Structures are given as C-alpha cells and as structure tokens.
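Participant: Okay, here's the prediction I keep looking at, along with the sequence it came from:
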Amino acid sequence: MSKEVFLRASALLDHGRVGEAARTLDAALVGPVRDPNLVMLRARAFAQQGEGVRGVELARSVVDAHPTHVGFRAALAIVLALAGDSDGSIEAYRQALAGGMDADPQIHAGLAAEQNRAQRFAEAAATARAGLARFAGDPALTLELGHALAGLGRSDEAVRLLLALAPQHPANTPLHEAIAYFCNYTAGADPSLVLHSHRHYGRIVAHYNPPIAEPLVVDRTPGRRLRVGVISSDLGKHVVAVFLAPIFERLDRDRFELFAYSTAAHPDDEPNRALFRRTSTLRDVAGTPPEEVARTIRRDRIDILIETNGLTRSHAQPVLARRAAPVQVTYLGYPNTTGCPNIDVRLVDALTDPPTADGFSSERLARMTGCFLCFTPPAEAPAVSELPCARAADAPFTFGSFNNVRKATDPLLRTWARLLEAVPGSRVLVKSPQFLHRSNGDDLVRRFAEAGGDPARMVLSRPQRVSHDHLAAYSQVDVALDTFPYCGTTTTCEALFMGVPVVSFAGQAERPRHCSRVGLSLLTALGHPEWAANSADEYIATARRLASDRPALASIRAGLRAEMLAGPLCDGAGFAERFGDALARIWAASA
C-alpha cells in the first residue's frame, strides 16, 4: 500500500498537483507507524507548497532517524533545493555521493543542477563532465553541462552540445526549452534557427497543455473598460517589476482594470510587490496546475493577458497554451519570440523590431510608439561622480560592463581586446552576479586571454547586494560597453543614469534580433543614437572616439542624468498613455 501511495503522490508532485499529493500523503500518514519514504515525500510537498522551513525540518527528522540511509540524504537535497537553500542542497548531494550513491547518474545531475541554480557554473561544468565521463551520453548530465556552459558565456558550445542530443529526445521539454533559450546568447545563430527552436519548444508545450475545451466568452462592447492581466514570476524584487511599475501606477483606470498573477515560488513582500497589490487584483498562483490557473484567469474575465517571462524560470507558457484569455501577449522580460502557438502578440517597438523582423516571430508584432519600455530611476541612487580618468594624471581609462557574464560571447571578448589595444592605458572593468564565485571569473579571464586580450587589463568586481553600492560602482567607469549580440537593458539604463555613456552594437536590420537592438532603442529615446554601432569596427571606433576627448566626456557625464530625466526614457506618465494606446490597438485588431 505504501508503494502505491508513494508512486501516486510522486506522480502528482511531478505534475504540479501539490495539494492533491499532500492530501494523499496525509491520509496515508495517520497512526503511530509512518513509512519514512512517505514522510520524506510529504516534506517535498511542503517545500513545493512554499512551506520550506516545515519541509526541511521534516526531511531532516527522517535523515536523523536513518543516518546511514544515503537515499534519504539525496531526498533531503531535493527538499533543500525546493526551499531555496542551495548551499545546503549541494552539501547534501555531496554527502549522498560520498556515501555510496555515486553509481546513480541522477545524483550527479542533481548536484550539477543545484550548482547551476546557485550560479556556480564552473563547478557545475566540472561536476557534469565528471559524471559524463562515467555515464556517457546521459541526457540529464548533458543538459546540466549545457546550462553550465551557457552560464559561463559559452552558449555557442552549449547549443552545439544540446543540438547533438536533440534527435534522440524530440519531445524532451527541458532540453528543447534550453536550446531555444540559449540561442538568445549565441553569437552566430541565424534568426531562422532561433525561430525554429522556439517553435519546436512551443509545440511540445502545446501538446502537453491543450486548450480548455469550453469556448471563451468575449465581450466586444465598444468603449467598455478592458480587463488586463499580467502573469509573471517577477513581481517582487526583480528588474521586470521596476519596468512594469509605470504601467501599474499610471495606466488610465477609466480605460483599464488591472490584475496580476504571480508565479513566483517564493514571493516576497518588499515594496515592488506591494505596488502590485495596491494597484491591481493580485493572485498568487505558484504551484497551481496550469489548467486551474487558466480557469482562474477566465473567471476573472481577462481580455488581454500579458506574460513577461518568455522562457525564463517559472514562466507561464503552459497556462497560455491552455488559452486563458482571448488575447494573449508577450512583453518585456524576454527578448525573443516564444514559439507558443496561443500567444498572439509580441509588444515591441519599431527599432527593436523593424519590418524585417516580422518573419522571425511566431507572434504578430505590435509596435509601440517610441521606446517599448520606461525606466524608473532608483530613489537611493548616489550622485554622479567626476570622470574617473580625470582624477589623476596617471589614472587609467576604464571601460566597464556590468552585464551578466552569460552575454560575454567570444566575438565580444575579441572586440574588447582590440579596443584596449586601440586605447593605450585603458582597461575593462567587468562586474557580474557570477563573480560571487571566483571560478566563474577565472573562466572569463581565461577566455579573454584566448581572445587575444591581456588578462592584466581585465578587472573583475564582485556584485553588490545593495542598489546604492551597485550604482556607486559606476564612479569607476568612464565609458560603458554594451554586450552583443544580447544587449543589456537595466544595466544600460543604470549606466546612463549614472552619467556614463554606453556604446552598443545593434547589428544588421536585414535579419534583426530583438536582443541585439534594445540598446539602439534606449539610446535613441535618450537622444544619442550615435552611440549605437552597426559593426564591431564601428563599436570600437565609437568607444575610442569617446575616450579620446576627455573634456567632452566630462561634459557628457555632468549632464547625462538631467538629459535622461527630461526625456521619454523616464517619462512614466507619457509611457503609460502610449502603452494604453497600444493595448487598445491590440484589442481592436483582435476583433
């Protein structure tokens, strides 16, 4: 009986039916004698329900009662991971391997997966490679190696690795999701291949999540207030929430009623989330099966449902595949098509997605007037500093990039190496979340040297957890260097707000990639499209030109914040009006 319950509850948990699994386990765990396997599974259910502390306590009680049972160590690692304790999970996996479970490839893959989640990418790559040396071709280990390579900026390697595995696993959801996602970071990916990879993933999601049978009831009453929902995992402490803020604060309530659906596994109550609670009907739907979420949205009679995750973690593609609203839109948080058949529209602008982009999107492209986003400056931002290279006669000229290392492609590193040679006495300061772990930074410096750069001229900086300190680090940067082909967004806005001009590489408009053209859109909205280059040579020339005229650069630095605040890039009210007009056009076009 316990085995049957275990198998049933495990299947329910795997399919996201956590409440049903919990009830099944609770019914089986009555009485004085309790099967420890079921107790451990109940601990997992607690963690999946968001009760991480309770789940971990229950799992540890099983381990303490069976200290020689290494299988329970591995199960504890899963519970700790679900509860958000990466360090504890990694240690539990290591104990399970040391205790005799090294013959199980799933334990090696579990350790690599948790190291990836903790952004210990160099360590995860080593773990996965060691596992593959023993279990050649194992799909889970290969997938984790791909994640680790992509995290280190080696997405081209990651995509090649996973594409070789794909023919044997045509319906493997995590595998094809990873291929599509990593294509955003690859330097040489053809937009047609990128579209194909997203469409293939979208077909897999649609297969497992068919539309709800009952037809939607659509109210086409002219002039009525539209009900707009946003579904996202990023409504708390995340940059997406910052970019959504002007919409939720200023969208015309005579025209729109707002709803927010949070898919965050561990929602927080910091100020961003409080904003959504104050300005909309907020519902937490994490851990709820996709069909139930879709039915909830249908009951709310949402007209336009906007998703902001794309293929990023905790995304809602299965919900949208069920057809939760008559018009479904992807916007903001993902720089590409989703490939999901039931997502109707992608909201962009005319610079990020010129007319030639239409053929590389599974959605209809709706272009906003002006830039497709609005930046809300942080209230705690420090003052703009003086130009760093002007502080002393022997001060180096410092280029800087605070983007995620995922975006550091080999062509980018070769371009940086050429730029430093073209500007004597210069260096590049790189700051990224990955540098919390030294081995990730060591890998980047090694790649920079392989690209022809002098390792001594690359300076790594650990990330600051406090926004004020993070922004203050721009006091060390004279000119910021955008990444390519995947541009920055928040990092670009922050650099500009701190008075630092940003050199971006927009790429070609004939076969455009949205991720490559965000910098162009931002710089145009700022009034400085001349800082957006169309080739690597032009990128170098633009950066060199800025570095060569230090009085002019000092003048730019002194006035850039005021220029930004006075323009459309920070005009929340104007942006909200333009956004509302775009929604109205999308709704009218859907009739």
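Facilitator: All right, it came through fine. Numbering: from 1, shown residues only.

Participant: Quick one, grab the pLDDT at Gly31.
Facilitator: On pLDDT, Gly31 comes in at 78.

Participant: give me every residue that touches Tyr539.
Facilitator: Contacts of Tyr539 were listed using CB atoms under 8 Å, 6 or more residues apart in numbering, and they are 415, 419, 484, 503-505, 533. All C-beta atoms are positioned from the backbone trio N, CA, C, and that covers glycine.

Participant: what's the farthest-apart pair in the residues you listed?
Facilitator: Largest separation among those by CB to CB: Leu419 and Ser504, giving 13.7 Å.

Participant: who's more crowded, those two?
Facilitator: In terms of neighbours (other CB atoms under 10 Å), Ser504 is the more surrounded of Leu419 and Ser504; the figures are 28 against 24.

Participant: related to what we said a few turns ago, Thr127: which of the contacts of Tyr539 is nearest?
Facilitator: Checking the contacts of Tyr539 against Thr127 with CB to CB, the nearest one is Phe484 at 30.3 Å.

Participant: so how far is Val239 from the closest one?
Facilitator: Phe484 is 20 Å from Val239, where distance means CB to CB, to the nearest Å.

Participant: Between those two, tell me which one has more neighbours.
Facilitator: Phe484 (24 against 17).

Participant: which SS state does the more buried one fall under?
Facilitator: When classified by DSSP: H, G, I helix; E, B strand; the rest coil, Phe484 comes out as coil.

Participant: got the buried residues for the helix or strand bottoming out on mean pLDDT in the chain?
Facilitator: One helix or strand of the chain scores below all others by mean pLDDT, DSSP states H and E: helix 271-279, with a mean of 88. By 16 or more other CB atoms under 10 Å, the buried positions in helix 271-279 come out as 272-273, 275-276, 279.

Participant: and Val428, that's in a helix?
Facilitator: No. Remark: Val428 does not belong to a helix; assigned using three-state DSSP, it is strand.

Participant: quick one: the nearest residue to it once chain neighbours are set aside and Tyr474, what's the gap?
Facilitator: Distances taken as CB to CB, 6 or more residues apart in numbering place Phe399 nearest to Val428, at 4.6 Å, with adjacent residues excluded. Counting by CB to CB, the gap from Phe399 to Tyr474 is 12 Å.

Participant: overlap in contacts of the two?
Facilitator: Common contacts of Phe399 and Tyr474 (CB under 8 Å, 6+ apart): Ala480.

Participant: so where is the stretch 451-591 of the chain shaky, pLDDT-wise?
Facilitator: Within the stretch 451-591 of the chain, the set of residues satisfying pLDDT under 70 is empty.

Participant: mind redoing it with 90?
Facilitator: Applying pLDDT under 90 to the stretch 451-591 of the chain flags residues 462-468, 507-511.

Participant: Secondary structure of Ala47: a strand, I assume?
Facilitator: No. Assessed by three-state DSSP, Ala47 does not belong to a strand; its assignment is helix.

Participant: Tell me the one of the buried residues of helix 271-279 nearest Ala456?
Facilitator: Set against Ala456, the nearest of the buried residues of helix 271-279 by CB to CB is Asn272 (40.3 Å).

Participant: The closest one and His238 touch, don't they?
Facilitator: Yes. Judged on CB atoms under 8 Å, Asn272 makes contact with His238 at a distance of 7.3 Å.

Participant: returning to what we had before: between the buried residues of helix 271-279, which is nearest Leu436?
Facilitator: Lowest distance from Leu436 to those (CB to CB) belongs to Asn272, with 22.6 Å.

Participant: How about the closest one: what's its closest non-neighbour residue?
Facilitator: Using CB to CB, 6+ apart and skipping residues adjacent in sequence, the residue nearest Asn272 is Ala241, 3.9 Å away.

Participant: who are the neighbours in contact with the one you found?
Facilitator: 234-235, 272-273, 275-276.

Participant: What are the phi and psi values at Arg94?
Facilitator: Main-chain dihedrals, Arg94, degrees, to the nearest 10: phi -60, psi -40.

Participant: burial count for the nearest residue to Arg544 once chain neighbours are set aside?
Facilitator: Closest residue in space to Arg544, ignoring its immediate chain neighbours: Ala422 at 5.2 Å, by CB to CB, 6+ apart. Using other CB under 10 Å, the number of residues around Ala422 comes to 14.

Participant: Name the surrounding residues that touch stretch 140-148.
Facilitator: Contact partners of stretch 140-148, identified using CB under 8 Å, 6+ apart, comprise 105-106, 108-109, 112-113, 115-116, 121-122, 124-125, 127-129, 131-132, 135, 158-159, 161-162, 165, 174-175, 178, 182.

Participant: Now with 7 Å, please.
Facilitator: Contact partners of stretch 140-148, identified using CB atoms under 7 Å, 6 or more residues apart in numbering, comprise 105-106, 108-109, 112-113, 116, 121, 124-125, 128-129, 131-132, 135, 158, 161-162, 165, 174-175, 178, 182.

Participant: Pull out the buried members of the residues you listed.
Facilitator: Buried members of these, counted by 16+ other CB under 10 Å: 105, 108-109, 112-113, 116, 121, 124-125, 128, 131-132, 135, 158, 161-162, 165, 175, 178, 182.

Participant: residues making contact with the helix or strand harbouring Asp442?
Facilitator: Here Asp442, judged by DSSP states H and E, is contained in helix 438-450. Contacts to helix 438-450, defined as CB under 7 Å, 6+ apart, come from residues 121-123, 152-153, 405, 408, 410, 413, 417, 430, 434-435, 455, 458, 460.

Participant: Disregarding residues adjacent in the polypeptide, which is nearest to Glu291?
Facilitator: Here the residue nearest Glu291, using CB to CB, 6+ apart, is Arg322, at 5.6 Å.

Participant: so who does the one you found touch?
Facilitator: Contact analysis of Arg322 by CB under 7 Å, 6+ apart lists 209, 211-212, 290-291, 294.

Participant: Just the pLDDT for Pro267.
Facilitator: Listed pLDDT for Pro267 reads 68.

Participant: Now do the same for Ala178: helix, strand or coil?
Facilitator: Three-state assignment for Ala178 (three-state DSSP): helix.

Participant: wait, isn't it in contact with Leu165?
Facilitator: No. Assessed by CB atoms under 7 Å, Ala178 is found out of contact with Leu165, at 10.0 Å.

Participant: hang on, the earlier thing: average pLDDT for the helix holding Asp442, rounded please.
Facilitator: Here the average pLDDT along helix 438-450 is 97.

Participant: Any buried residues in it, and which?
Facilitator: 439-441, 443-445, 447-448.

Participant: just curious, which of those residues is nearest to Val348?
Facilitator: Distance to Val348, by CB to CB, is smallest for Leu444 among the buried residues of helix 438-450, at 30.8 Å.

Participant: Compute the distance between that closest one and Phe397, please.
Facilitator: Leu444 sits 21 Å away from Phe397, going by CB to CB.

Participant: do Ala473 as well
Facilitator: Distance of Ala473 to Phe397, computed by CB to CB: 17 Å.

Participant: Equivalent analysis for Val63, please.
Facilitator: To Phe397, Val63 is 55 Å away according to CB to CB.

Participant: cool, and Gln49?
Facilitator: Going from Gln49 to Phe397 by CB to CB gives 53 Å.

Participant: So the two - more neighbours on which side?
Facilitator: Neighbours of Gln49 and Phe397, each counted by other CB under 10 Å, are more numerous for Phe397; the result is 21 against 18.

Participant: Sounds good, over and out.
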